[in-house]
Structures are given as structure tokens and as C-alpha cells.
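Q: Coordinates for the following, if possible.
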Amino acid sequence: MRLSLLLAGMTIYWFTTPLFALFCPGNFNQIEIGDSLRDVVQACGAPTSSKRYSKTEGSGAPQEWVYYRKLQPTDAGTMKTAVAFVDGKVINISVNGLGAGSTNVCGNTSINVGDTQKQVQAACGTPDMTNESLNAPAGPTKQIIELTYTTPPTSAVLVFENGKLVERR
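A: Coordinates of the predicted model:
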């Protein structure tokens, strides 16, 4: 019984693992997220171009974005919406000083506690004012390498963080 379950599990793994693999640009060698830079170059060949840079992550220090919005174009005053973030996620929203779990004061798309900074910026745009901690230490630095493979009619960019494949664009 145990042997048949083990064999069934291994068979499922064997047949489903390739579903999560990516093909090298320009050929059919398989690579996977998490593969090393060396292994990818060995499988895919030399890239058309490459780009290297460092990216320092935020410290996760608290930050507040403030927006002033009119509900109607004819309104004389504005609604002050303050959105507080910790580790890049919304932890508090207040509209004219009243706490809210979500609001659509920025337009048709609502913002909610738990949303990311990117989601808030997509819904509300650039904040009118930002409050940040001045003494927050910088977070860890990641070494980013982008390899571009151009094989007409398409091209692909493979993104590595600290030597590991994290994304294909």
C-alpha cells in the first residue's frame, strides 16, 4: 500500500513538474524559477545583452501618504485621506480623521487595509504629501541581473536576484 502511494506520488511529481518550468528564449531547454545564473546561461546560451544593478529594499519603517480629494468638482473643500503603511502594506486608513477599513475617495477603485503601496498608488496616484521616518535604517541590498535574449520575432528578459532566477518578462 505504502509503495503504491509512493509510486503514485512520484508519478504525479514527475509529470507535473515540467508544467512549472519555463523554456529558454529561442530554444526548448527548460529552466525554472530559482535556478542559478550559471545554470540558466549554461542551458540558454549567452544573452543578447545584460544589465546589472543594486536595489536596496525599504526598511519597513512606518510611512504615511496623504491625499486631498474633492468628492464633487463643485465642492469648495476637500476630503483628507491619510493612508499608513508598515512593510509596504496598508495598516490604517483615515478619511477626515475617521478610521476606515476601506474607501473609494480616490475614484472607482477602493483602497483597503492590507493593500500594497503599488495598489494604493494605482488607485489614488502620487500622494499630495508623504511622511516618513528619517532615522529608518536601509534594508538589505539585492544584486539584480537582467539578461535579455532577443530571438526574432520575440525577446525575453530573465531577472535574477542575488544569482537566482526570480522572473521572466
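
Q: CA only for contacts and neighbour counts going forward, please
A: OK.

Q: Now the terminal residues of stretch 34-53, how far apart.
A: In stretch 34-53, first residue to last residue: 19 Å (CA to CA, to the nearest Å).

Q: residue ranges for the strands of this protein, please.
A: Ranges of strands in the chain, per DSSP state E, are 22-23, 30-31, 49-56, 63-69, 79-86, 89-95, 98-100, 102-103, 111-112, 129-132, 141-151, 154-161, 164-168.

Q: of all those, which lies closest to residue 118?
A: Closest approach to residue 118 among the strands of the chain (CA to CA): strand 89-95, 9.3 Å.

Q: So what touches the closest one?
A: With CA atoms under 8 Å, 6 or more residues apart in numbering as the test, strand 89-95 has contacts from 79-85, 99-103, 112-117.

Q: show me the contacts for the closest residue to residue 112 other than its chain neighbours.
A: Nearest residue to residue 112, sequence neighbours excluded (CA to CA, 6 or more residues apart in numbering): residue 102, at 4.2 Å. Applying CA under 8 Å, 6+ apart, we find residue 102 in contact with 93, 110, 111, 112, 113.

Q: do the same with residue 127
A: Per CA under 8 Å, 6+ apart, neighbours of residue 127: 65, 66, 67, 121.

Q: at 10 Å instead, please
A: Contact analysis of residue 127 by CA atoms under 10 Å, 6 or more residues apart in numbering lists 64, 65, 66, 67, 68, 81, 82, 83, 120, 121.

Q: what's the burial count for residue 111?
A: 24 (other CA atoms under 10 Å).

Q: Surely it and residue 125 touch.
A: No - using CA atoms under 10 Å, residue 111 is not in contact with residue 125; the gap is 11.7 Å.
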